[in-house]
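Visitor: sharing a model prediction with you, sequence too.
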Amino acid sequence: MKHIVTVQDAVTAFAPFMEPTDAELDAIEREAPLIDAELELLDVQIALLDRPVTPLGERRLRRAANKVLAARCEVANRLGEVREGDAA
């Protein structure tokens, strides 16, 4: 009888070199407000998918989109500050 086995490693097995570095974790931490804002926007968009858009729904969508834009500006400004600090 032949045994069938997988050629690849298990999906959940991680080698130590596959862990995120401190720099990658810091980048995720800096972008956390943007990620949260994008998730909130997605939640609003999903909520509005199956119902007619009301003025309240439009306002929620607009607020969530503005929150994403503000978070993007904040992340971009902080990234610019970090880069300027590295150049000096």
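Guide: Perfect, I can see it now.
Visitor: how close does the residue nearest the centre of the chain sit to residue 29?
Guide: Ranked by distance to the mean C-alpha position of the chain (C-alpha atoms, centre = their mean), the top residue is residue 35 at 3.7 Å. Computed as C-beta to C-beta, to the nearest Å, the residue 35 to residue 29 distance reads 10 Å. Where C-beta positions appear, they are placed from N, C-alpha and C, glycine not excepted.
Visitor: can you tell me the element the residue nearest to the centre of the chain falls in?
Guide: Element membership for residue 35 (DSSP states H and E) is helix 22-47.
Visitor: centre of the chain to that helix, how far?
Guide: In this view, helix 22-47 has its centroid 4 Å away from the chain centroid, taken as C-alpha atoms, centre = their mean, to the nearest Å.
Visitor: in terms of secondary structure, what does the following helix or strand past that helix contact?
Guide: With elements assigned by DSSP H and E, the helix or strand that comes after helix 22-47 is helix 55-87. With contacts defined as 3 or more C-beta pairs under 8 Å, 6 or more residues apart in numbering; DSSP states H and E, helix 55-87 has these neighbours: helix 22-47.
Visitor: can you mark which positions in the helix it packs on are buried?
Guide: By neighbour count on 16 or more other C-beta atoms under 10 Å, the buried set for helix 22-47 is 31, 33, 34, 37, 38, 40, 41, 44.
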